[in-house]
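1. Starting from these lines, generate the structure:
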Amino acid sequence: MSQVYAIGSLNLDYVYKVPHFLRPGETLEAAHRAVHWGGKGLNQTVAMLRSGLSVRHCGAVGADGTPLSDFLAAEGSDVSHLRVDERSATGHTFIQVTPDGENAILYYPGTNHAVTEDLVRDFLATAREGDFLVLQNEVNGTARLIDEGKRRGLRVVFNPSPFSPELCALDLSGLYALVLNETEAAEWTGAELAPEDAAKALADKGVAVVILTLGAKGLVWRTKEGESGSVPAFRVEAVDTTGAGDTLAGYAVGALGAYAETGSTAALVEGLRTAAAAAALSVTKEGAVPSIPKRADVERFLTEHSA
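-> Predicted structure coming up:
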């Protein structure tokens with residue numbers, strides 16, 4: 001598969017186990033606290049690396065974030081374009097996790113909004129036409145990054161999370177893939193459509209492949225040529241859903257790579273089934289990064305759950 005370039009967030013995740021989500025005016029005692037490496041960018045890069053892809057990561061951290069760079073390097077990513085901004089705090093989140101594994105997340109961007117044009121230009125200088133560029137919406141300049149990727153002939157994969165209203169003004173034509181959930185799809189289309197209809201509406205804007213995730217109901221996909229289908233979720237007992245969407249998105253890049261190389265929707269579906277299995281495995285463990293499975297574990301899971 002082609003080289004993958006990722007420009008994305010790196011966060012320190014503060015995770016609290018709570019009996020229920022905090023209510024207005026309430027002071028609540030947490031049963032447990034843990035600190036993990038995270039950020040949608042880092043999570044998805046780790047998922048891609050553990051799926052077997054070659055990934056270079058670009059982003060920014062504060063002086064307190066150098067362990068994030070060290071961690072990504074240890075995972076196998078090129079981190080030569082991770083900028084250290086001594087004046088700002090590294091991006092961080094406060095994550096509440098309830099007994100049923102659901103989560104609520106408060107996000108502070110910090111240095112994730114310090115990704116400069118010069119840094120990006122230098123990062124993409126070695127990219128070749130047909131390489132993949134994976135983006136989320138936790139760093140600054142999303143529209144500029146998408147346009148730069150398309151201008152260079154890269155296959156741009158965009159996960160519009162966290163969703164913001166200005167994304168509705170983006171020109172989606174020429175985007176290689178859009179990976180999003182039902183809430184984000186409703187925000188983008190402006191309507192509560194059936195998943196298949198929402199995927200069609202977005203693909204009709206010129207996106208080569210739309211992957212719409214449905215949580216415990218699996219996912220649906222559609223190409224701009226009109227081919228479509230669904231992949232069911234695997235039944236597991238959820239412990240913590242934090243990072244499940246990032247795990248699926250990261251593994252889905254491998255599916256998109258197979259589709260790009262072969263033009264076969266069968267290859268796309270096979271890869272998306274692998275992504276769904278990875279996401280299922282991830283919710284059986286606590287934390288975002290600690291729960292992202294390696295390829296061998298996913299393949300073992302698929303063998304155990306083969307029809």
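2. give the contact list for R83.
-> 59-61, 111, 114-116, 119 (CB atoms under 8 Å, 6 or more residues apart in numbering). The way it works is simple: take the backbone N, C-alpha and C, and place the C-beta from them, glycine included.
3. Over to M1?
-> Applying CB under 8 Å, 6+ apart to M1 gives the contacts 53-54, 132, 254, 257-258, 261.
4. swap the cut-off to 7 Å and go again
-> 53, 254, 257, 261 (CB atoms under 7 Å, 6 or more residues apart in numbering).
5. so how far is A30 from the first one?
-> Plainly put, L53 is 36 Å away from A30 if you go by CB to CB, to the nearest Å.
6. would E138 count as being in a strand?
-> No: secondary structure of E138, determined by DSSP: H, G, I helix; E, B strand; the rest coil: coil, with no strand assignment.
7. Quickly note the distance from A125 to G141.
-> In terms of CB to CB, A125 sits 17 Å off from G141.
8. err, N103, not the other one
-> 27 Å.
9. same question, Y176
-> 19 Å.
10. Pull the residues that contact the host helix or strand of T247.
-> Under the criterion of DSSP states H and E, T247 resides in helix 244-262. Contact with helix 244-262 is made by 1-2, 4, 40, 43-44, 47-48, 51, 53, 132, 134, 155, 157, 159, 176-177, 179, 181, 209, 211, 213, 267-268, 271-272, 274-276, 278-279, 282-283, 288, 292, as judged by CB under 7 Å, 6+ apart.
11. got it, and stretch 97-114?
-> Here stretch 97-114 has contacts from 9, 15-21, 39, 59-62, 65, 83, 85, 88-96, 138-140, 162, 238-242, 283, using CB under 7 Å, 6+ apart.
12. Same question for stretch 163-180.
-> 137, 143, 146, 150, 155-160, 184, 187-188, 202, 205-212, 249, 252, 256.
13. OK, contacts around G65?
-> Counting by CB under 7 Å, 6+ apart, G65 has contacts 10, 90, 111.
14. Apply 8 Å and report the result again.
-> So G65 contacts 10, 12, 84, 90, 111 (CB under 8 Å, 6+ apart).
15. Report the separation between it and A288.
-> From G65 to A288 the distance is 16 Å (CB to CB).
16. what's the answer for Y251, then?
-> Taken as CB to CB, the span from Y251 to A288 is 14 Å.
17. ok, now A203?
-> Distance from A203 to A288, by CB to CB: 29 Å.
18. which of these two has more neighbours?
-> Legend: neighbour count by other CB atoms under 10 Å for A203 and A288, higher for A288 (32 against 23).
19. Run through the residues that contact that one.
-> 13, 36, 38, 43, 242-243, 246.
20. Go again with 6 Å.
-> 38, 43, 242-243 (CB atoms under 6 Å, 6 or more residues apart in numbering).
21. Now render those residues as a markdown table, adding neighbour count and distance to E299.
-> Below are the contacts of A288 laid out as a markdown table (neighbours: other CB atoms under 10 Å; distance: CB to CB, whole Å):
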| residue | neighbour count | distance to E299 |
| --- | --- | --- |
| G38 | 30 | 25 |
| N43 | 31 | 21 |
| T242 | 29 | 24 |
| G243 | 30 | 20 |
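22. any idea which of these is the one closest to D70?
-> Closest approach between the contacts of A288 and D70, by CB to CB: G38, at 14.9 Å.
23. returning to that earlier point: quick one, which of N103 and G141 is more surrounded?
-> Neighbour count, other CB under 10 Å: between N103 and G141, N103 has more, with 19 against 16.
24. And that one, how far from G8?
-> 19 Å.
25. got the residue ranges for the helices in this protein?
-> Ranges of helices in the chain, per DSSP state H, are 40-51, 66-75, 117-123, 142-151, 182-189, 195-203, 244-262, 265-282, 295-304.
26. other SSEs contacting the last one?
-> Meaning helix 295-304. If you count contacts as 3 or more CB pairs under 6 Å, 6 or more residues apart in numbering; DSSP states H and E, helix 295-304 packs onto helix 265-282.
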